[in-house]
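# the sequence isn't on hand, but the structure is:
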């Protein structure tokens, strides 16, 4: 009799003496080698000797009265859930040739689990009544099963530890979920996934699985837990955790148990209706002004400028001047406070150099910045969007006074389009939620469009969808004309912002002066005069440039000078008719372009 045969037979007899019924299996396929499979498992030594007369064979035990946790995914997040690691270390454990582990427990009274593959968590199987498990020393081509702690042959059945509550809680949760699904008439889908999910299919795969879980009645939290497990064990490479959470949140908009594809359920009304008197008696919200005339706590302000206009430098300067409660740009009083910079533009090394140079130029002791400026460096990070949202979600109330998001386009989710109003509105809702919750103000650094950005109105200066400006509480626009750099602004809740001429030093900015003071509102004694009429000749000279522009760009310049849109359109048509303005029509979807004829430039 060979040594291998003796080892397996002796092992089978030892398992039986410890109270575990055994039967032989094919070591490669793990299929039973008896007529009735695991039902032929026995404790009878003579029957065991007859059963194990073949070679080679493997040994298996019937799992009736037992619970075996079969871990096929050693990296599964489930393995670090509260109490799970300790529970799995408290019992006999074997290692499989494939690198997994089997953990053996006694089945507790009232146990509701079944033989489940991946139902409790992806990569985690349950074996109990009506099943079997292969045990050491069975050897396959790729290796042998072996005990790594508390050999079952030396652990009598009655001494086997009962399944701990830390694991049974997950099994109870799974049983509840499956009961809910069955009562709703749904067929629980298998969550076992054997294939890797490649890049390009990760989002759709997780979203599809999340939909199935939602139809089973799972909550957002439970869906997120399952998706994180799948993501870690099957997605190649895994998505960032924040992206997985977004998928769970998106699917959870639908009512539990619905078939999906329908509209989200109507929300429950929680906002009270105010009477007229209640509205009139509403007190001020009392939000502190962080930057005079520009930003209160909870406000989001876009800072927009052309590339290389030192937008990042300007907001860094604001953070430094807030650190000591100094006037921003030498003119706007700031509230002393702490700033968090979420930077995906220049990186920590460049910020370090900028802070040193700016400190010297602004005469700020750099030691005053040590507890006032903090940075998350996302430069070169794969999922900048997910990290940005995770950072915002981690902020505690009162932790920071100002948050700088720089730049917008790098913080958008993969595939998001800055020209899509719905996607931009969703991003700003997320941003507003976290900024309001933590009680800070926020600057979002954004860029101008390449074409005609300088000629746009202040509220329409940024590239992309209109929702970017509409969702924000204000806009600062850094622009340039023949006279130099100009700072324009428009803000909710503050008086009209006077355009400022800016002076640029080595790195720092400073206000040089107000260009054209604007009338401040329509209160008593501030009656706004009607602008003087504009002739078509003056219109062509003031608002049409030598470089071809769209009609929108020309009209926006006129609007900023107080000309109505209707009058501007009429004057533009009249100027074209009298050949004071050249009009080029290219047809199709290309817009008409307008410019002054050559030789008519103003002196």
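That came through fine. Just so we're clear, the structure is a prediction, and the values are computed from it rather than from any experiment.

# from residue 8, how far off is the residue nearest to residue 40 when sequence neighbours are not counted?
Sequence neighbours aside, residue 34 is the residue nearest to residue 40 in space, at 3.9 Å (criterion: C-beta to C-beta, 6 or more residues apart in numbering). Just so you know, the C-beta spots here come from the backbone N, C-alpha and C atoms, and that holds for glycine as well. Computed with C-beta to C-beta, to the nearest Å, the distance linking residue 34 and residue 8 is 15 Å.

# which residues are contacting stretch 346-357?
The list of residues contacting stretch 346-357 from outside it, by C-beta atoms under 8 Å, 6 or more residues apart in numbering, reads 312-313, 316, 320, 341, 343, 366, 369, 373, 375, 377, 379-380, 506-507.

# among those, which lie within strands?
Counting by DSSP state E, those place 341, 343, 373, 375, 377 in strands.

# and those residues, which are buried?
For those, a burial check counting by 16 or more other C-beta atoms under 10 Å picks out 341, 343, 373, 375, 377.

# turn the residues you listed into CSV, including distance to residue 13 and pLDDT.
Supplementary listing: these in CSV, determined by distance: C-beta to C-beta, whole Å; pLDDT from 0 to 100:
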residue, distance to residue 13, pLDDT
341, 70, 97
343, 68, 95
373, 72, 97
375, 67, 96
377, 63, 94
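
# need the helices for the stretch 451-600 of the chain, in chain order.
With DSSP state H, counting those that start in this stretch as the definition, the stretch 451-600 of the chain shows helices at residue ranges 467-471, 536-543, 551-560, 565-577.

# quick one: contacts for residue 288?
Residue 288 makes contact with 296-297, 335, according to C-beta under 8 Å, 6+ apart.

# after the helix or strand hosting residue 205, which helix or strand is next?
Element membership of residue 205, judged by DSSP states H and E, is helix 202-215. The helix or strand immediately downstream of helix 202-215 is helix 220-234, counting by DSSP H and E.

# thought residue 389 was touching residue 242?
Yes: contact between residue 389 and residue 242 holds when scored by C-beta atoms under 8 Å: they sit 4.9 Å apart.

# neighbour-wise, which of those two wins?
Neighbour count, other C-beta atoms under 10 Å: between residue 389 and residue 242, residue 389 has more, with 22 against 18.

# that one and residue 246: what is the separation?
Summarising the geometry, the distance separating residue 389 from residue 246, computed by C-beta to C-beta, is 8 Å.

# kindly report the same for residue 315.
Note on residue 315: its distance to residue 246, by C-beta to C-beta, is 27 Å.

# residue 45 is in contact with residue 13, isn't it?
Yes: checked against C-beta under 8 Å, the pair residue 45 and residue 13 is within contact range at 5.9 Å.

# comparing these two, which residue is more hemmed in?
Counted by other C-beta under 10 Å, residue 45 and residue 13 do not tie: residue 13 has more neighbours, with 18 against 12.

# show me the contacts for the more buried one.
45, 48-49.

# re earlier: export the ones in strands among the contacts of stretch 346-357 as a markdown table, with columns for distance to residue 553.
Converted to a markdown table, those look like this (distance: C-beta to C-beta, whole Å):
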| residue | distance to residue 553 |
| --- | --- |
| 341 | 33 |
| 343 | 32 |
| 373 | 38 |
| 375 | 37 |
| 377 | 37 |
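
# identify the farthest-apart pair in those.
For the ones in strands among the contacts of stretch 346-357, with distances taken as C-beta to C-beta, the pair at the greatest spread is 373 and 377 (12.8 Å).

# which residues of the stretch 501-603 of the chain score low on pLDDT?
Counting by pLDDT under 70, the stretch 501-603 of the chain contains low-confidence residues at 516-531, 586-590, 599-603.
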